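Engineer: Pasted the sequence and its predicted model underneath.
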Amino acid sequence: MWKLKIDASIEKEYIKRFEDKLVNRIINGVGKNKLSKDIKKVLIPDYTAKKPVKLDVVEKLLTAKPKEALDLNNDLMRQIFSDYDVNDLDTLKPHKIKLKRIEEVINYDGVISKNKDNSYWVARKVGHNTCTYCNRQYTITIGCDDKTLNITRPQFDHWFPKELFPLLSLNLYNLIPSCSICNSTAKGREVFGLDTHIHPYLQTENEPNFKFFPGISTEEERDWTVLLSRDKDSKEDNTIKSFKLDDIYDAHGDLEVKDLMNFATGYTCNYLRDLFNNVLKDFSTKGYTIEDVYRMVFGAEYLSEHTLDRPLSKLKRDLLKYLNIIP
């Protein structure tokens, strides 16, 4: 749910890398799986030509931003399925076979998911060090152009599920770099709406509007928990619930939160604040910035625009502000 952005040059590279083969699959199909002439006409108006030139629809399917991509999808799907209703996706149930055929021809699984060359290329272009949704786990891309050295990369969550929005299954802005828990276990196949959930590429602020703060689950033993404050029924609230972040972050109450709160209680917040300020004073003469020193002392990122660079950066920053250790 943290803010993501893509440089326009990446869009051009993405189109160059995937457009021609997608056009070929739309025209010729994949193996015995072929699209009907009506669907071809919708996606490539002049598909009967040997070398189609009107590829506006295909290019937009690949790189249109979320709102434009959804509007385009709805328009195309209404042309393909006369009873299509984006507000009632049950209308697609009678069309499962045709829907699956479209998904297999667009072929996200073969083109990206199971293709190391392409998947690692995309991950290097849009990936970050930590999961976009939870900021808990590292999702660093470790790989290079030598396929034998491709070791790990983030998973790509389809913000609009590819089973219901197959036309957007290769859309660059629909592939959200995430950890396996957020992509599969937590979210599952839940369908999000642009007016109900946070889309990382539509975020205007660096971080969503919620805060972490500590709580005590058992007063006698002083067991710490983590609470996430946000406005009820807001996009933040819906997104937090969808990714089970209340429960997932609660597990950190006995880890990072407990250590920090016990340290602050035992040595007073002034000690931690003085420690930070003294280290800052010593290292600033050596050219280190406040962000550098903060990272050394607390193992997290100081600036919100760098939250995705290190796990749990927002959690730690919110707790440190709660304790008045940092402004």
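Structural biologist: All right, it came through fine.
Engineer: Just give the number of residues close to Pro200.
Structural biologist: Using other CB atoms under 10 Å, the number of residues around Pro200 comes to 22. Heads up, the C-betas are built off the backbone N, CA and C, glycines and all.
Engineer: Skipping adjacent residues, who's closest to it in space?
Structural biologist: Of all residues beyond its chain neighbours, the one nearest Pro200 is Leu4 (4.1 Å), with distances taken as CB to CB, 6 or more residues apart in numbering.
Engineer: Quick check, pLDDT for the one you found.
Structural biologist: Here, the pLDDT recorded for Leu4 equals 97.
Engineer: ok, it to Ala64 distance?
Structural biologist: With distances taken as CB to CB, to the nearest Å, Leu4 is found 15 Å from Ala64.
Engineer: the more surrounded of these two?
Structural biologist: Comparing Leu4 with Ala64 by neighbour count (other CB under 10 Å), the higher total belongs to Ala64, at 21 against 18.
Engineer: So that one is in contact with Asn174, correct?
Structural biologist: No - when contacts are counted by CB atoms under 8 Å, Ala64 is not listed as touching Asn174 (9.5 Å).
Engineer: hmm, back to that, looking at this, the residue nearest to Pro200 is in a strand?
Structural biologist: No - secondary structure of Leu4 (DSSP: H, G, I helix; E, B strand; the rest coil): coil, not part of a strand.
Engineer: Looks like it contacts Asn174 (just checking).
Structural biologist: No - counting by CB under 8 Å, Leu4 sits too far from Asn174 to count as a contact (11.7 Å).
Engineer: to the chain's geometric centre, what's the distance from stretch 262-274?
Structural biologist: Taking CA atoms, centre = their mean, to the nearest Å, one finds stretch 262-274 lying 35 Å from the centre of the chain it belongs to.
Engineer: buried sites along that stretch?
Structural biologist: Using 16 or more other CB atoms under 10 Å as the test for burial, stretch 262-274 gives 264, 272-273.
Engineer: Would you reformat those residues as a markdown table and include secondary structure?
Structural biologist: Output for those, formatted as a markdown table (three-state DSSP):
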| residue | secondary structure |
| --- | --- |
| Ala264 | helix |
| Leu272 | helix |
| Arg273 | helix |
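Engineer: Give me the distance between the residue nearest the centre of the chain and His199.
Structural biologist: Nearest residue to the geometric centre of the chain (CA atoms, centre = their mean): Ile176, 3.2 Å. Per CB to CB, Ile176 is found 8 Å from His199.
Engineer: just so I have it, where are all the strands in this protein?
Structural biologist: Secondary structure of the chain (DSSP state E): strands at 155-158, 175-178, 211-218, 223-229.
Engineer: Same list (those strands) but as CSV, adding distance to Asn324.
Structural biologist: As requested, those are arranged in CSV below (distance: least, CB to CB, whole Å):
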stretch, distance to Asn324
strand 155-158, 36
strand 175-178, 33
strand 211-218, 13
strand 223-229, 17
